[in-house]
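Chemist: Starting from these lines, generate the structure:
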Amino acid sequence: MMPVSVTEREFEQFVEEAIEALPQQFAKLLHNIAVVVEEEPSADDLDVLDDGDDELLGIYRGTPMTQRTHDMVLMPDQIAIFRGPILRVTRNRRDAVRQIRETVIHELGHYFGLDDDDMVF
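Modeler: Coordinates of the predicted model:
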């Protein structure tokens with residue numbers, strides 16, 4: 001299967017749209033977090049994959065809200081959305097936009113303290 005053709009700028013726009021579409025009750029809780037687009041996951045990022053997983057579509061790098069204390073000094077958290085893997089696992093632009101949205105929501109779930117088993121996405 002040929003990867004979907006989406007430019008870097010278009011991909012970044014789709015990520016921005018996914019964030020802007022978040023319900024206000026969740027969006028207002030996002031503090032000190034950056035959502036970035038990276039082409040591919042690093043070797044360290046890939047360590048989180050289970051044996052049966054083929055591609056890592058995104059990753060949350062930080063301390064979940066549920067594990068923070070008032071006296072912690074934290075660097076900004078980061079969510080990385082991986083362009084290459086998402087474009088490889090999707091069939092068309094519409095599918096890519098849907099997958100980007102689901103990946104953003106899934107990684108934000110980790111920010112809020114949810115485990116993979118707790119999330120639909």
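Chemist: quick one, strands of this structure?
Modeler: 33-38, 58-61, 77-82 (DSSP state E).
Chemist: for the lowest-mean-pLDDT helix or strand in the chain, packing partners?
Modeler: Least confident element among the helices and strands of the chain, by mean pLDDT, DSSP states H and E: helix 24-27 (a mean of 87). For helix 24-27, not one helix or strand is in contact under the criterion 3 or more C-beta pairs under 8 Å, 6 or more residues apart in numbering; DSSP states H and E. Any C-beta I mention is one placed from the backbone N, CA and C, and that applies to glycine too.
Chemist: want to try JSON lines for the strands of the chain, with distance to residue 12 and mean pLDDT as columns?
Modeler: Converted to JSON lines, the strands of the chain look like this (distance: least, C-beta to C-beta, whole Å; pLDDT from 0 to 100):
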{"stretch": "strand 33-38", "distance to residue 12": "5", "mean pLDDT": "95"}
{"stretch": "strand 58-61", "distance to residue 12": "14", "mean pLDDT": "94"}
{"stretch": "strand 77-82", "distance to residue 12": "9", "mean pLDDT": "96"}
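Chemist: I'd say residue 65 and residue 111 touch.
Modeler: Yes - using C-beta atoms under 8 Å, residue 65 makes contact with residue 111 at a distance of 6.5 Å.
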